[in-house]
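**Q** here are the coordinates; sequence isn't available:
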């Protein structure tokens with residue numbers, strides 16, 4: 001199944017403005033109820049994190065963690081992940097724990 005993504009600046013701003021945020025050492029997660037039957041996700045990594053290779057790696061790690069946990073999440077939300085500078089150089093397990101931690105704190109795991 002194709003992953004639904006948030007791509008337009010206006011969509012990101014809507015989630016930032018109207019959504020709730022949860023944060024930890026590596027990431028910030030914004031959540032907004034979208035009224036649809038599917039979840040959408042967006043990932044934002046600023047230039048403060050590093051050069052393009054590092055930013056792309058952080059995005060790929062967050063995407064993979066989301067993909068593997070997607071089936072456990074409640075439906076009908078927009079998620080925006082914002083990587084903090086501390087995410088630079090972290091391995092997959094650390095990013096995955098961070099993503100899971102944020103979803104648990106937001107109460108979105110269907111377990």
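**A** That came through, no problem. Computed from a predicted structure; not experimentally measured.
**Q** From here on, just use CA atoms for contacts and neighbour counts.
**A** Noted.
**Q** where along the chain do the helices fall?
**A** 9-18, 52-69, 92-106 (DSSP state H).
**Q** Could you dump those into CSV and include mean neighbour count?
**A** Listed next are those as CSV, based on neighbours: other Cα atoms under 10 Å:
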stretch, mean neighbour count
helix 9-18, 14
helix 52-69, 16
helix 92-106, 17
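**Q** Of these, which is nearest residue 29?
**A** The closest of the helices of the chain to residue 29 is helix 92-106. By Cα to Cα, the value is 6.8 Å.
**Q** Mind giving me the packing neighbours of the closest one?
**A** strand 20-23, strand 27-33, helix 52-69 (3 or more Cα pairs under 8 Å, 6 or more residues apart in numbering; DSSP states H and E).
**Q** got the contact list for stretch 69-88?
**A** Under the criterion Cα atoms under 8 Å, 6 or more residues apart in numbering, residues 6, 12, 15, 25-46, 48-50, 54-55, 58, 95, 100, 108-111 lie in contact with stretch 69-88.
**Q** circling back to that earlier point, as TSV, the helices of the chain with distance to residue 83 would be great.
**A** TSV is the format used below for these (distance: least, Cα to Cα, whole Å):
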stretch	distance to residue 83
helix 9-18	14
helix 52-69	8
helix 92-106	10
